[in-house]
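Colleague: Here is a sequence with its predicted model. Questions after.
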Amino acid sequence: MTPPADHPAIPPRKLGVLLINLGTPDAPDRRAVKRYLAEFLSDRRVVEIPALAWQPILRGIILNTRPRKSAHAYGQVWREDGSPLAAITRAQAAALKDAFGPDVLVDWAMRYGNPSIPDRLAAMKAAGCERILVAPLYPQYCAATTATANDKAFATLAAMRWQPAIRTLPPYHDDPAYIAALADSVRTSLASLDFEPQAIVASFHGVPQRTLELGDPYHCHCRKTARLLSEALGREMTVAFQSRFGRARWLEPATDAVLKALPGKGVTRVAVVAPGFSADCLETLEELAIRGAADFRASGGTDFAYLPCLNDSEGGIHMLKTLLRRELAGWLANA
Ligand SMILES: C=CC1=C(C)c2cc3[nH]c(cc4nc(cc5[nH]c(cc1n2)c(C)c5CCC(=O)O)C(CCC(=O)O)=C4C)c(C)c3C=C
Ligand SMILES: [Fe+2]
Ligand SMILES: [Fe+2]
């Protein structure tokens, strides 16, 4: 039966999968980085200091100093197709485009910056997605990443008259599909090196120590991932936490300190892997592969290898398909 002429258009019913990552500036310049950092660091899930105390520090100091330094860092890793984090997330969505059949739209968004979560959720809704799987691509749950991505999706729905049904991707830090994909990827990367590392460092993004005390499972999730990966590879790994921000105490040991100390302990050949990042980004390509390598060599290390993230590799996409298909069960015929 056709609807009356004055009835709003009814698109065919679809499912949606929205891949979400952290966010990145639109360009590697000071203005764009400032805009991005202002949004990111104003998120109360990220900096858990009362706004009245934090905003003057952010606006008065940090946003006047950090953007220049960070823009330089972004400039060192920027690609022809943009920021690595955005380019790789876009490639992941493209690789998954036909993974679940013609009735499932796969799109991507960033928690901060572009494309925004409200923009992509509105587009999915307009395209007929009545059920949407929101998938923050963080293997380890953290309020500063997973929760804030979900918050943003729910806040977007709060303004919709006709909301889609929503599911969210749970953390997958100990999922056999994720551990197997990581182990395969590390084995392949190690096999391509022209040296044999004496140690493997698993570097996770750090968070303030206080978040652990407040009940965030992030630290335990990171430790479990590293233990399972180490068991799958049959070799020891050194766990470390990178990217310290601000003056508070962060999770330890710090990756830079570990890399500087290794040569003094007789470890001059090292490989570094970043299992907590689903896509390579500033924190892996600049902080680990450039600065980490320089720190290690300056301390007497001879051979350093940064092993890439799963990104849009065949193994990485296969793993995402497995996880997403499972979450679509009951929505997707034959899932
Ligand atoms: C993978 C999980 C991440 C957690 C946990 C996380 C916590 C966290 N981060 C900051 C501050 C910064 N992070 C920055 C970049 C950045 N962080 C993550 C991921 C996690 N952050 C990614 C993927 C990136 C890279 C973005 C990119 O464009 O490539 C930055 C910005 C860069 C810079 O100026 O150094 C800051 C700042 C805090 C405070 C925090 C936990 C409370
Ligand atoms: Fe971060
Ligand atoms: Fe960093």
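Modeller: Nice, thanks for sending it over. Ligands and ions are numbered 1, 2, ... in the order given.
Colleague: How many neighbouring residues does Pro67 have?
Modeller: Neighbourhood size, Pro67 [other Cβ atoms under 10 Å]: 22. In short, each C-beta sits where N, CA and C put it, glycine included.
Colleague: Can you name the residue of the stretch 1-150 of the chain nearest to ligand 3?
Modeller: Ala73 (7.5 Å; Cβ to the ion).
Colleague: gap between His318 and ligand 3?
Modeller: Look at His318 and ligand 3: by Cβ to the ion, to the nearest Å, they are 29 Å apart.
Colleague: quick one: contacts for that residue?
Modeller: 177, 181 (Cβ atoms under 8 Å, 6 or more residues apart in numbering).
Colleague: Which secondary structure element is home to it?
Modeller: Per DSSP states H and E, His318 falls inside helix 314-327.
Colleague: what about that helix, distance to the chain center?
Modeller: Computed by Cα atoms, centre = their mean, to the nearest Å, the chain-centroid distance of helix 314-327 equals 16 Å.
Colleague: again with stretch 210-228
Modeller: Using Cα atoms, centre = their mean, the offset of stretch 210-228 from its chain centre is 16 Å.
Colleague: Going by neighbour count, which residues in that stretch are buried?
Modeller: By neighbour count with 16 or more other Cβ atoms under 10 Å, stretch 210-228 contains the buried residues 211, 216-219, 221-223, 225-226, 228.
Colleague: Could you dump those residues into JSON lines with secondary structure added?
Modeller: Shown next, in JSON lines, are the buried residues of stretch 210-228 (DSSP: H, G, I helix; E, B strand; the rest coil):
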{"residue": "Thr211", "secondary structure": "helix"}
{"residue": "Asp216", "secondary structure": "coil"}
{"residue": "Pro217", "secondary structure": "coil"}
{"residue": "Tyr218", "secondary structure": "helix"}
{"residue": "His219", "secondary structure": "helix"}
{"residue": "His221", "secondary structure": "helix"}
{"residue": "Cys222", "secondary structure": "helix"}
{"residue": "Arg223", "secondary structure": "helix"}
{"residue": "Thr225", "secondary structure": "helix"}
{"residue": "Ala226", "secondary structure": "helix"}
{"residue": "Leu228", "secondary structure": "helix"}
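Colleague: possible to save those as CSV with distance to Trp331 and pLDDT?
Modeller: Shown next, in CSV, are the buried residues of stretch 210-228 (distance: Cβ to Cβ, whole Å; pLDDT from 0 to 100):
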residue, distance to Trp331, pLDDT
Thr211, 33, 96
Asp216, 30, 98
Pro217, 27, 98
Tyr218, 29, 98
His219, 33, 98
His221, 26, 98
Cys222, 31, 98
Arg223, 33, 98
Thr225, 28, 99
Ala226, 33, 98
Leu228, 29, 99
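Colleague: Tell me which two in those are the farthest apart.
Modeller: Thr211 and Leu228 (22.2 Å; Cβ to Cβ).
Colleague: Phi, psi for the closest residue to ligand 3 within the chain please.
Modeller: Ranked by Cβ to the ion, the top residue of the chain for proximity to ligand 3 is Ser243, at 3.8 Å. The phi/psi pair for Ser243 (degrees, to the nearest 10) reads phi 60, psi 40.
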